[in-house]
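what's the 3D shape of this:
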Amino acid sequence: MVAKQFLLFLMLTVTVLSGCAQSVIDSTTTPFKTKKSFFRKAALPLGMIAGGSLLSSSDLELDLQKFVRRQTGDDFLWRADDYTRFIPLAEIGIANVAGIEAKNHWFDQSKNLFIAGYATDWVTFKIKEWIFKRRPTGRQPNSFPSGHTSFAFMGASVLRHEYQDTAPLLGYSGYFFAATTGGFRMANNEHFISDVIVGAGIAMLITEIVYHFDPIIPWNPFKKTRGVTFFPTIDEDRYGVAFSMQF
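Below is the predicted model:
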């Protein structure tokens, strides 16, 4: 029931935000602005959030988790997801160092990463506290949504926005690693499928909002520099900052 209330609240919030965002976009144009409406771009993440919320705690979800564990074995544990979630961010840093053309300057990329990263983290963990859903193991009541998955899809979504027009293969490659992260969260018995789907949807939606308003902060003191990227590193109990630099 709480998951359904969250879904209704989210739909109302997005409706208000999209109205504000569209008025901003109508008065501002850039070479990279899409002609699609916000709702059209947000349809996929909204559908993922809606579908995942309705699936949460259902018999279908429980049966699917049992099926996954039967395939992997009850003793399966491989913490690859602790690392794959960072690969999309690493791709952004490497692309900057390699000089691959992006939508934004590295400093503007970093701003978008910070805003999308911390907004995704805040929303994800606030919902965890609100929903109070137990993990498949029955231990911690912080299963919904998946923080690893939301972080991975945030990085993948920023990567797509920055490189989908100039290097499409690179731009969309982050979603492979993000999906892999979500898959390992289920295989390791840390999350149900709805946790993964909603975590991904939240990250994609927030990143879409960030780029819809881009630039949120029109300030760049490093316009003449290149090859540097700052990005947040986020875990359930700690925060940090990492960067890459071209020498």
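
any low-confidence regions in the chain?
The model of the chain has pLDDT under 70 over residues 1-36, 224-247.

quick one, what contacts Ser56?
3, 131, 133, 144, 192, 194-195, 198 (CB atoms under 8 Å, 6 or more residues apart in numbering). Just so you know, the C-beta spots here come from the backbone N, C-alpha and C atoms, and that holds for glycine as well.

any idea which of these has the most stuff around it?
With neighbours taken as other CB atoms under 10 Å, the top of the contacts of Ser56 is Val198, carrying 33 neighbours.

contact partners for that residue?
Each residue near Val198 by CB under 8 Å, 6+ apart is listed here: 48-49, 52-53, 56, 144-146.

now distance to Ala187 and secondary structure too, for these, in TSV please.
Rendered in TSV, the data for the contacts of Val198 read as follows (distance: CB to CB, whole Å; DSSP: H, G, I helix; E, B strand; the rest coil):
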residue	distance to Ala187	secondary structure
Met48	20	helix
Ile49	23	helix
Gly52	18	helix
Ser53	22	helix
Ser56	19	coil
Phe144	18	coil
Pro145	17	coil
Ser146	13	coil
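
taking the contacts of Ser56 one by one, which sit in helices?
Filtering those for membership in helices, criterion DSSP state H, returns 3, 131, 194-195, 198.

for the protein, which segments count as strands?
228-234, 239-245 (DSSP state E).

returning to that earlier point: and which of the ones in helices among the contacts of Ser56 is nearest Arg185?
Asp195 (7.3 Å; CB to CB).

was I right about that closest one contacting Phe144?
Yes - using CB atoms under 8 Å, Asp195 makes contact with Phe144 at a distance of 4.9 Å.

what touches both of these two?
Common neighbours of Asp195 and Phe144 are listed as 56, 133 (criterion: CB under 8 Å, 6+ apart).

reformat the ones in helices among the contacts of Ser56 as a markdown table; add distance to Tyr163.
Listed next are the ones in helices among the contacts of Ser56 as a markdown table, based on distance: CB to CB, whole Å:
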| residue | distance to Tyr163 |
| --- | --- |
| Ala3 | 34 |
| Ile131 | 34 |
| Ser194 | 30 |
| Asp195 | 28 |
| Val198 | 26 |
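
return the closest of those with respect to Asp81.
Set against Asp81, the nearest of those by CB to CB is Asp195 (12.6 Å).
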